[in-house]
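Participant: sequence unavailable; structure follows:
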């Protein structure tokens, strides 16, 4: 088996020049993608304290560990095989679990623009779905903003989008309209869709903590589809990941169901690969409580207890 230049060799021979060159080239591509993605935001973290140092070191650890595919010699494929990968971190995975065959050869031709508002904690997750979503769409149709609070002064582009009549914010609630039943005005096309990326508690805090997100028309998805992102625990059976929400919303707005199938293909492959290599299926919290499989102790806080009771249709647990 051919070893890379960073691995130990029993015969103590040095790696070839081609191997070293290929390895250094892949490192340069990683750094280039990092600079494109982070931009000026990389200066937000300083080394003034041990806490901020650990915060930056932790993010650096995961920043280049998402996916990577490899060829026989350099153990790396072209980081920019797809043009749409330039907008986000290069996707790194071993060759046996490479996701390239499951991505569209060309970016999907859509008129709707997605604005992903991502919680900072979600950026460090290795198995996040936003990079897969961005790899399926043109770079100008999927834009990611990272942060907890967004103001008009610091994010003028996002503020202008929120004030546009052609913008929809995808977040469930009593005042939200069902996207499937909403009559879209053709004169306002193309539409913009704002999606909050994070855990449900993080998304709730971001939605109610930013007045900009209350300006667009609020919509929600009313679907009986179960999430196919089975390697992470969801609150209920019908809670969907960011990629699944975006795929479903795009198929409704663009009136093309094929979009939903194409975007879900890499997610299905990702979950399948993870299960083949030791991951376990994560049932929703609702499923675990209903079947008496919830291993954690029940919360003593009444508010949290009432929330869990609502997961099982007001049945006391």
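Facilitator: Structure received. All of these numbers come straight from a predicted model, not from anything done at the bench. Residues are numbered from 1 along each chain as shown.
Participant: which parts of stretch 264-283 are buried?
Facilitator: 264, 265, 266, 267, 269, 270, 271, 273, 274, 282, 283 (16 or more other C-beta atoms under 10 Å). Glycine gets a C-beta too; all of them are placed from N, C-alpha and C.
Participant: my error: substitute stretch 196-210 in the last question.
Facilitator: Neighbour counts using 16+ other C-beta under 10 Å place 196, 197, 198, 202, 203, 205, 206, 207, 210 of stretch 196-210 among the buried residues.
Participant: which of the residues you listed fall within helices?
Facilitator: Among these, the ones falling in helices (DSSP state H) are 202, 203, 205, 206, 207.
Participant: ok so residue 212 is a helix residue?
Facilitator: Yes: under DSSP: H, G, I helix; E, B strand; the rest coil, residue 212 sits within a helix.
Participant: okay, now it: neighbour count?
Facilitator: 19 (other C-beta atoms under 10 Å).
Participant: who's in contact with residue 260?
Facilitator: Residues near residue 260 by C-beta atoms under 8 Å, 6 or more residues apart in numbering: 247, 248, 250, 251.
Participant: which one (most neighbours) among those residues?
Facilitator: residue 250 (26 neighbours).
Participant: with adjacent residues omitted, what lies nearest to it?
Facilitator: Leaving aside its sequence neighbours, residue 250 sits nearest to residue 259 (C-beta to C-beta, 6 or more residues apart in numbering; 5.0 Å).
Participant: how about residue 116?
Facilitator: Closest to residue 116 by C-beta to C-beta, 6+ apart is residue 144, at 4.6 Å.
Participant: do residue 274 as well
Facilitator: In space, residue 274 is closest to residue 231, 4.9 Å off (C-beta to C-beta, 6+ apart).
Participant: helix/strand/coil for that neighbour?
Facilitator: Going by three-state DSSP: residue 231 is coil.
Participant: wait, it touches residue 273, no?
Facilitator: No: judged on C-beta atoms under 8 Å, residue 231 makes no contact with residue 273 at a distance of 9.7 Å.
Participant: quickly list the domain ranges of this structure.
Facilitator: If you go by automatic domain parsing, the domain ranges for the chain are 1-98, 105-282.
Participant: can you say which of those is nearest to residue 297?
Facilitator: domain 105-282 (16.5 Å; C-beta to C-beta).
Participant: distance check, residue 244 against residue 179.
Facilitator: For residue 244, the distance to residue 179 equals 13 Å [C-beta to C-beta, to the nearest Å].
Participant: can you point out the buried residues in stretch 162-179?
Facilitator: By 16+ other C-beta under 10 Å, the buried positions in stretch 162-179 come out as 162, 166, 167, 168, 169, 170, 171, 176, 179.
Participant: and the next helix or strand past the helix or strand bottoming out on mean pLDDT in the chain?
Facilitator: Least confident helix or strand of the chain, by mean pLDDT, DSSP states H and E, is helix 50-63 with a mean of 42. Remark: after helix 50-63, the chain's next helix or strand is strand 113-118, criterion DSSP states H and E.
Participant: pLDDT averaged over that next one - what is it?
Facilitator: For strand 113-118, mean pLDDT is 96.
Participant: name the helices or strands packed onto it?
Facilitator: Contacts defined by 3 or more C-beta pairs under 8 Å, 6 or more residues apart in numbering; DSSP states H and E place strand 113-118 against helix 130-136, strand 142-146, helix 156-163, strand 192-197, helix 242-253.
Participant: before we move on, the earlier item: would you reformat the buried residues of stretch 264-283 as a markdown table and include distance to residue 156, secondary structure and pLDDT?
Facilitator: Below are those laid out as a markdown table (distance: C-beta to C-beta, whole Å; DSSP: H, G, I helix; E, B strand; the rest coil; pLDDT from 0 to 100):
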| residue | distance to residue 156 | secondary structure | pLDDT |
| --- | --- | --- | --- |
| 264 | 34 | helix | 94 |
| 265 | 36 | helix | 94 |
| 266 | 33 | helix | 93 |
| 267 | 33 | helix | 93 |
| 269 | 38 | helix | 92 |
| 270 | 35 | helix | 91 |
| 271 | 38 | helix | 91 |
| 273 | 40 | helix | 90 |
| 274 | 39 | helix | 89 |
| 282 | 39 | coil | 82 |
| 283 | 43 | coil | 80 |
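Participant: good, wrapping up.
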